[in-house]
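> Quick one: sequence plus predicted model below, questions after.
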Amino acid sequence: MKKTFWTALLAGALAFGMSNAFAQGGLEKSGDLNTKQMAQAKVHATAALEAAKAGDAPGVVEHAKAAWKTCKETLSETAGSYFERAMEKLNTAISVAEKGDAAAAVAPLEGAIADMSEGQAAADY
């Protein structure tokens, strides 16, 4: 009876640990996952900037919203303030692009990308 109990307990603990690892994106360390999210946020923001420079306001909105969402998921102690500032600038870009003014979104998007780069550097340090 005792052997069965301990075997079941060990199996349950292993199953729980593996399910948590897969829920966090595989067996990666959480820092690796956070770094990938930071990079993904920059990819979206860069796509929004390219759309803004091309005069594509709906494209700005789409990509800036994706960048904002990824920034929110990325917030960490080290890079948090940088990504919060980036989120504010992304909100500005979204707001002006929703009004159809893609050109006005360029400056806040450039600022958001700069903030994200600083946040990545702080997190890597």
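Sure, I can see it.
> neighbours around Leu49, how many?
Close neighbours of Leu49, defined as other CB atoms under 10 Å, add up to 23. In this view, the C-beta of every residue, glycine as well, is placed from N, C-alpha and C.
> Might one say that it is in contact with Val106?
Yes - with contact defined as CB atoms under 8 Å, Leu49 counts as touching Val106 (6.7 Å).
> Residues contacting stretch 36-44, please?
Identification of contacts with stretch 36-44 by CB atoms under 8 Å, 6 or more residues apart in numbering yields 63-64, 66-67, 70-71, 73-74, 79, 83, 86, 113, 116-117, 119-120, 123.
> What are the buried residues along the helix or strand harbouring Phe83?
Element membership for Phe83 (DSSP states H and E) is helix 80-98. Across helix 80-98, burial judged by 16 or more other CB atoms under 10 Å covers 82-83, 85-87, 89-90, 92-94, 96-97.
> residue contacts, Thr70?
Counting by CB under 8 Å, 6+ apart, Thr70 makes contact with 37, 40-41, 44.
> Excluding residues flanking it in the chain, which one is nearest it?
Nearest residue to Thr70 in three dimensions, chain neighbours excluded: Ala41, at 4.0 Å (CB to CB, 6 or more residues apart in numbering).
> per-residue confidence for the one you found?
With respect to pLDDT, Ala41 scores 92.
> Same question for Leu27.
Value listed for Leu27 in the pLDDT field: 39.
> ok, now Glu84?
Here, the pLDDT recorded for Glu84 equals 91.
> That one and Lys72 touch, don't they?
No - shown here, Glu84 and Lys72 do not form a contact pair, counting by CB under 8 Å, at 9.2 Å.
> Quick check: buried residues in the strand or helix carrying Lys36?
Taking DSSP H and E as the definition, Lys36 sits inside helix 30-53. By neighbour count on 16+ other CB under 10 Å, the buried set for helix 30-53 is 34-35, 37-38, 40-42, 44-49, 51-52.
> what's the answer for stretch 98-118, then?
Using 16+ other CB under 10 Å as the test for burial, stretch 98-118 gives 102, 104-106, 108-113, 115-116, 118.
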